[in-house]
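Peer 1: got a sequence here, can you model it:
(one chain, ligands or ions: 2)
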Amino acid sequence: MERPERDAAFMARAVELARSGHGGTSPNPVVGCVVLDAAGQVAGEGFHAYAGGPHAEVVALAQAGERARGGTAYVTLEPCDHTGRTGPCSGALLAAGVARVVIAVSDPNPKAAGGAARLRSHGVAVTTGVLAEAAERVNEEWLTYARLGRSHVTWKFAATLDGRSAAADGTSQWITSPQARADVHRMRAAADAIVAGIGTVLADDPRLTARPGPSPSEDRPDGPGGVPGAGAGGRRVPVRVVVDPDARTPQSARVLDDQAPTLVAVADDADTGLKADLLRLPRHDDGLDLRALLSELAAREVVSVFLEGGPTLAGSFVRQGLVDRVVAYVAPALLGSGRSALGEAGVRTIGELHRLRFDEISPIGPDVRLIARPATH
Ligand code: AOF
Ligand code: ZN
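Peer 2: Ligands and ions are numbered 1, 2, ... in the order given. From the prediction side, this is the model:
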């Protein structure tokens with residue numbers, strides 16, 4: 001029997017469970033699952049914690065044991081129907097005797113999809129699309145990667161209330177608070193790649209490494225920095241990517257140290273003797289074809305990109321329509337003249353402005369964190 005309000009409430013819990021896996025599952029999705037017994041009581045909960053680990057459904061079913069028989073499973077992503085790193089969840093749900101499965105979002109991965117159809121063909125009642133928006137949001141990086149075959153891009157910047165990221169003389173230290181910088185580190189550590197432009201590498205010589213906690217003395221203010229270290233659960237260290245069309249990265253740049261892998265993206269006609277892992281890409285406008293960059297990164301299982309460092313590069317990403325999420329840390333301060341957070345973004349007249357939507361507004365210490373997405377997303 002369908003009960004929309006109850007369904008939404010249990011799916012909301014499954015979305016929360018999925019969120020617990022965030023930052024650890026790449027290149028796999030975040031997935032949450034709640035299993036009810038036949039009487040409608042919660043019998044098991046689970047989430048996917050790391051690629052290669054048990055799927056959310058399997059974790060929740062194990063907890064429920066025999067109580068799953070005749071019960072209902074709520075899953076944020078269509079149960080898989082394949083044997084990849086682990087066995088098919090459709091089969092596990094059938095073996096457990098679950099009578100009904102409620103799904104938020106269909107699986108866009110052609111290798112794994114088909115779980116809903118298999119369950120239905122075995123007489124299980126299947127409801128889809130429940131709380132789809134929230135389940136899309138929690139898994140947005142992976143869904144972008146799986147649907148579009150490119151990495152998902154978060155552009156992060158810190159600025160004053162009047163939108164400046166550096167003073168007129170180029171200094172930019174400590175626009176935002178230590179709390180905001182700690183928050184940036186948490187976000188950065190959850191990404192698979194940290195991307196900066198050659199301008200930032202030449203101006204600031206950042207390490208572009210990520211680690212979980214704040215360490216202001218080692219840190220750069222609002223640009224990348226910090227000491228290396230893996231995030232939770234021994235996950236991969238984010239790969240560092242320098243967008244450097246003309247191969248101007250100095251061999252001595254800190255981004256080329258041995259603390260994390262680094263890719264230097266150069267134009268396919270760039271002439272260079274740089275000893276580094278080079279990624280050759282077509283040119284586009286004044287820079288590189290960034291869509292090609294994101295496809296190449298996706299081929300290397302980079303699901304999520306954290307873009308920082310450089311208004312010029314950020315402008316190119318915006319111009320090429322490749323920013324999926326903007327995270328802005330805004331300090332209650334004014335600079336007036338100074339460098340804008342965003343460079344040339346292809347807007348000639350007001351009708352061409354890039355319209356976004358604010359999705360989250362959170363105070364962080366004395367600052368504000370704004371999360372916005374393109375109005376079309
Ligand atoms: C997950 N966790 O909880 C669910 C997934 O490589 P595998 O065998 O782990 O399979 C990965 C695919 O399984 C993944 O791309 C997605 O399509 C599907 N569902 N994956 O990692 C889960 N339910
Ligand atoms: Zn599965």
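Peer 1: for the helix or strand harbouring Ala158, give the mean pLDDT please.
Peer 2: Secondary structure assigned from DSSP states H and E places Ala158 in strand 152-160. Strand 152-160 comes out with an average pLDDT of 97.
Peer 1: contact partners of the following helix or strand past it?
Peer 2: Using DSSP H and E, the helix or strand that directly follows strand 152-160 along the chain is strand 164-167. The contact list for strand 164-167, computed with CB atoms under 8 Å, 6 or more residues apart in numbering, reads 157-159, 172, 175, 222, 311, 335-341. Glycine gets a C-beta too; all of them are placed from N, C-alpha and C.
Peer 1: so who does the residue of the stretch 251-377 of the chain found nearest ligand 2 touch?
Peer 2: Nearest residue of the stretch 251-377 of the chain to ligand 2 (CB to the ion) works out as Val303 at 17.3 Å. When contacts are counted by CB under 8 Å, 6+ apart, Val303 touches Ser26, Pro27, Glu141, Trp142, Tyr145, Ser151, His152, Asp192.
Peer 1: could these go into JSON lines alongside neighbour count?
Peer 2: Formatted as JSON lines, the contacts of Val303 follow (neighbours: other CB atoms under 10 Å):
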{"residue": "Ser26", "neighbour count": "24"}
{"residue": "Pro27", "neighbour count": "16"}
{"residue": "Glu141", "neighbour count": "27"}
{"residue": "Trp142", "neighbour count": "22"}
{"residue": "Tyr145", "neighbour count": "27"}
{"residue": "Ser151", "neighbour count": "29"}
{"residue": "His152", "neighbour count": "24"}
{"residue": "Asp192", "neighbour count": "25"}
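Peer 1: ok, and of the residues you listed, which contact ligand 2?
Peer 2: When CB under 5 Å from the ion is applied, no member of these is adjacent to ligand 2.
Peer 1: and these, which two are furthest apart?
Peer 2: Pro27 and His152 (11.7 Å; CB to CB).
Peer 1: give me the common contacts of these two.
Peer 2: Joint contacts of Pro27 and His152 (CB under 8 Å, 6+ apart) are Trp142, Tyr145, Val303.
Peer 1: looking at these, spot the one nearest ligand 1.
Peer 2: Taking CB to the nearest ligand atom as the measure, ligand 1 lies nearest Trp142 of the shared contacts of Pro27 and His152, at 7.7 Å.
Peer 1: tell me the strands beside the strand holding Ala158, with direction?
Peer 2: strand 304-307 (parallel), strand 325-331 (parallel) (DSSP bridges).
Peer 1: who does the next helix or strand after the last one touch, helix- and strand-wise?
Peer 2: In this case it means strand 325-331. The first helix or strand that comes after strand 325-331 along the chain, using DSSP H and E, is strand 338-340. Here strand 338-340 touches strand 164-167, going by 3 or more CB pairs under 8 Å, 6 or more residues apart in numbering; DSSP states H and E.
Peer 1: strand partners of the strand it packs on, parallel vs antiparallel please.
Peer 2: strand 338-340 (antiparallel).
Peer 1: can you give me the mean pLDDT across the partner strand?
Peer 2: Here the average pLDDT along strand 338-340 is 94.
Peer 1: do the same with stretch 73-80
Peer 2: For stretch 73-80, the mean pLDDT works out to 98.
Peer 1: tell me how far it lies from the chain's centre.
Peer 2: 20 Å (CA atoms, centre = their mean, to the nearest Å).
Peer 1: wait, does that stretch contact ligand 1?
Peer 2: Yes - shown here: stretch 73-80 in contact with ligand 1 (CB under 6 Å from any ligand atom) through Leu77, Cys80.
Peer 1: and that stretch, which residues are buried?
Peer 2: Ala73, Tyr74, Val75, Thr76, Leu77, Glu78, Pro79, Cys80 (16 or more other CB atoms under 10 Å).
Peer 1: repeat for stretch 351-360
Peer 2: For stretch 351-360, using 16+ other CB under 10 Å, the buried residues are Leu356.
Peer 1: and the contacts of that stretch?
Peer 2: Outside stretch 351-360, the residues that reach it (CB under 8 Å, 6+ apart) are 318, 326, 345-347, 369-375, 377.
Peer 1: and with 7 Å instead?
Peer 2: Val318, Val326, Ala345, Val347, Leu370, Ile371, Ala372, Arg373, Pro374, Ala375 (CB atoms under 7 Å, 6 or more residues apart in numbering).
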